[in-house]
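Undergrad: Fold the stuff below for me.
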Amino acid sequence: MNRFPGHNILPYALIFPTVTVIAVFLVVPFVQAIHMSFFRVSPFGRVRVYTGLRNYAELLRSPEYLQSFLNTMLFCAIVIGVGLGIALFIAVLATQKIRGAAFYQVAFIWTYAMSPAIAGVIWALMFDPSVGIFTALLETMTGFRLNFTTDAVGAFLLVTIASIWIMLGYNICFYIAGLQNVPNELKEAALVDGAGPWKAFWIITFPMLSPTTAFLIFVNTLYAFFMVFGMLDVVTQGGPGQATEFLVYKIYRDGFARLREGQAAAQSVFLFLMVASIAGFQIWTSTRRAVYSR
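TA: Next up is the predicted model:
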């Protein structure tokens with residue numbers, strides 16, 4: 001309040017639009033989902049029967065939901081682990097003293113500028129079983145013809161690789177910014193002490209990238225659990241079988257295609273609590289070991 005002398009209402013007026021948007025589009029729907037998760041709802045919502053925790057109990061006993069959970073966790077692990085590894089490798093190359101380094105550093109962000117749905121369309125067309133250019137190239141080189149509409153492993157790999165590709169530019173840009181903040185004096189001192197470039201990177205550079213890595217793990221976790229929905233809906237619709245029916249897409253399918261609103265609400269609450277716990281644990285463990293001093 002001391003920063004706005006004579007304007008006691010101004011601080012509240014400035015944050016009111018943001019608070020309103022959060023309340024209307026996040027808090028209220030979440031409270032409604034919690035309430036709905038305790039009911040069994042008939043199709044089109046005409047009849048509601050209170051069932052307590054029955055919807056949650058059914059989730060824990062459902063083999064179908066367990067399979068979606070395992071698919072989601074595997075997908076999340078690959079997107080985070082492989083995606084950040086590739087991004088860090090490219091960022092290190094892009095920060096070397098090479099001609100056109102500034103152009104490369106800016107150009108890498110363009111993959112993140114696409115929405116997951118548009119990126120999904122591009123990858124689906126490239127690997128289309130009939131006319132996809134990469135499908136034909138893969139068949140020419142290996143003799144194997146990929147058909148992600150019927151091959152469960154192929155569909156999972158396609159969605160996973162496309163997701164890594166989408167987040168690649170975002171991850172690279174943050175790693176480039178982090179690498180540029182690492183003092184050259186420390187790296188030069190390590191080299192003078194006899195450490196090779198590889199050892200100097202793991203002893204000096206990588207620990208000082210820990211805040212950036214912690215942030216990117218958090219962002220990529222949110223993407224893997226929530227933002228991949230557009231790509232799934234465009235490319236595989238959760239199939240073939242349950243190969244790409246991740247948790248966020250199962251909520252949509254149960255709530256809107258199968259008209260099981262109560263079960264879908266329970267799934268959304270469970271997914272929120274799970275992601276919040278995972279993200280909190282990631283931030284807690286990552287920041288404890290993060291190196292913030294320069």
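Undergrad: Below-threshold pLDDT in this protein: ranges please.
TA: Residues of the chain meeting the criterion pLDDT under 70: 1-7, 45, 100-101, 105, 286-294.
Undergrad: ok, which stretches of it are strands?
TA: Here the chain has its strands, by DSSP state E, at 39-41, 48-50.
Undergrad: Show the contacting residues for Val159.
TA: 75, 120, 228, 231-232, 235-236, 244 (CB atoms under 8 Å, 6 or more residues apart in numbering). For the C-beta atoms, the positions are set from N, CA and C on the backbone; glycine is no exception.
Undergrad: Can you name the two of these that sit furthest apart?
TA: Phe75 and Gly120 (14.3 Å; CB to CB).
Undergrad: still on that earlier bit, how about CSV for the strands of the chain, with distance to Ile98 and mean neighbour count added?
TA: Compiled in CSV, the strands of the chain are given as follows (distance: least, CB to CB, whole Å; neighbours: other CB atoms under 10 Å):
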stretch, distance to Ile98, mean neighbour count
strand 39-41, 60, 19
strand 48-50, 64, 11
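Undergrad: can you tell which of the ones you listed is closest to Ala276?
TA: Short answer: strand 39-41, nearest of these by CB to CB, at 23.2 Å.
Undergrad: roughly how far out does that closest one sit from the chain middle?
TA: 31 Å (CA atoms, centre = their mean, to the nearest Å).
Undergrad: Repeat that for stretch 121-133.
TA: Centroid separation for stretch 121-133 versus its chain: 23 Å, with CA atoms, centre = their mean.
Undergrad: Go through that stretch and flag the buried ones.
TA: Buried residues in stretch 121-133, defined by neighbour count with 16 or more other CB atoms under 10 Å: 121, 123-124, 127-128, 132.
Undergrad: re the thing from before, any chance of a markdown table for the strands of the chain, columns distance to Leu179?
TA: Shown next, in a markdown table, are these (distance: least, CB to CB, whole Å):
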| stretch | distance to Leu179 |
| --- | --- |
| strand 39-41 | 52 |
| strand 48-50 | 55 |
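Undergrad: what about those strands, which gets the closest to Phe272?
TA: strand 39-41 (18.0 Å).
Undergrad: contacting residues around the closest one?
TA: By CB under 8 Å, 6+ apart, strand 39-41 touches 47-51, 54-55, 260-262.
Undergrad: Ok, stretch 121-140 next?
TA: With contacts defined as CB under 8 Å, 6+ apart, stretch 121-140 is touched by 114, 144-149, 158, 161-162, 165, 231, 234-235.
Undergrad: tally of neighbours for Ala77?
TA: As a burial measure, Ala77 scores 11 neighbours (other CB atoms under 10 Å).
Undergrad: Find the residue at the geometric middle of this structure.
TA: In the chain, the centroid-proximal residue (CA atoms, centre = their mean) is Tyr223; its distance is 1.9 Å.
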